[in-house]
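*Asks:* Next input, structure requested:
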Amino acid sequence: MKKITVLSTLLTIILLFSNSFAWSIFYDFENAKQEKDWKVLEGEGKIENGRYIIKNTNTNSGIAVIGDTTWTDCTITCKAMLLKGSEDNMGFVWRTSANNLFYVISVRLDQRIGYCGCINGTWMNGGSPINPQAFSTQIEKDYNLKLIVKGNTFQFFVDGKDMGEWKDDQLKTGMIGIRVYKAIMSIDNFEANGPGIPSSPVESKDKLATTWAKIKV
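*Replies:* Numbering: from 1, shown residues only. Sure, this is the predicted structure:
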């Protein structure tokens, strides 16, 4: 009877801990193999000096994504900066199926945070400002970006400051990633977690292109 009670207690503890954790996919870009996980839809993307660089080439935009078109809600974070030669903006994309079908949030050099959607090549909102106050974007300065995607609501943070939210219900699922427009974006410590993201055992970054970690939520 005592053994059953102890076993029951242990199972309860394990269950409680498992419910307080979520799986996260994480890229530190210290392993060159991580570059293969990123699908470049437009422009040029590569790892340089422990960071991932995306830039536009033949067109004005550059897009690099991970995952698949079944991903839904998620939280995305990374360090990001605009490099010298940038003229416009950098940001996240999500619910992405192609280079003409996605949502985007952008940190812009015209001192605002803009949001819009590209629906089969047709742009909505046109980069309307999401933040009521000006944002002083600087070249070669790292910003901590965070996007929370929950249903039809999208909330964006820069350096821990809530920059506002917007809603749209046209796109339900898709890949996630980064985008530039007339710019060069450098990112580090890209992390994403959510119900649509598959779990995987923790592995050494030297053995696996993608470093997976179990994080508390």
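
*Asks:* Just to check, Asp159 is in contact with Lys146?
*Replies:* No - the criterion here is Cβ atoms under 8 Å, and Asp159 misses it with Lys146 at 9.2 Å. For glycine as for every other residue, the C-beta is placed from the backbone atoms N, C-alpha and C.

*Asks:* Neighbour count for those two, which is higher?
*Replies:* Neighbour tally, Asp159 and Lys146, criterion other Cβ atoms under 10 Å: the higher count belongs to Lys146, 20 against 10.

*Asks:* Quick check: bridge partners of the more buried one?
*Replies:* Thr77, Phe157 (DSSP bridges).

*Asks:* ok, it touching Thr77?
*Replies:* Yes - the criterion here is Cβ under 8 Å, and Lys146 meets it with Thr77 at 4.7 Å.

*Asks:* Return the helix or strand in this structure with minimum mean pLDDT.
*Replies:* Each helix and strand of the chain was given a mean pLDDT (mean pLDDT, DSSP states H and E); the minimum falls on strand 211-216 at a mean of 38.

*Asks:* residues of stretch 152-168 that come out buried?
*Replies:* 154-158, 163-164, 166, 168 (16 or more other Cβ atoms under 10 Å).

*Asks:* err, stretch 37-47, not the other one
*Replies:* Under 16+ other Cβ under 10 Å, the buried positions of stretch 37-47 are 38, 40-43, 45, 47.

*Asks:* for the protein, which residue is closest to the average position?
*Replies:* Nearest to the mean C-alpha position of the chain, by Cα atoms, centre = their mean, lies Ile76 at 3.9 Å.

*Asks:* What residues does that residue make contact with?
*Replies:* In this structure, Ile76 makes contact with 92, 94, 145-147, 149, 176, 190-192, judged by Cβ atoms under 8 Å, 6 or more residues apart in numbering.

*Asks:* again, 10 Å this time
*Replies:* Shown in contact with Ile76 (Cβ atoms under 10 Å, 6 or more residues apart in numbering): 25, 92-94, 105, 145-149, 156, 176-178, 190-194.

*Asks:* for Gly91, same thing?
*Replies:* So Gly91 contacts 80, 104-108, 113-115, 145, 147, 156, 178-181, 183, 185 (Cβ under 10 Å, 6+ apart).

*Asks:* Run through the bridge partners of it.
*Replies:* Applying DSSP bridges, one finds that Gly91 bridges with Ser106, Arg179.

*Asks:* Could you measure from it over to Thr70?
*Replies:* Shown here: Gly91 relative to Thr70, a distance of 23 Å by Cβ to Cβ, to the nearest Å.
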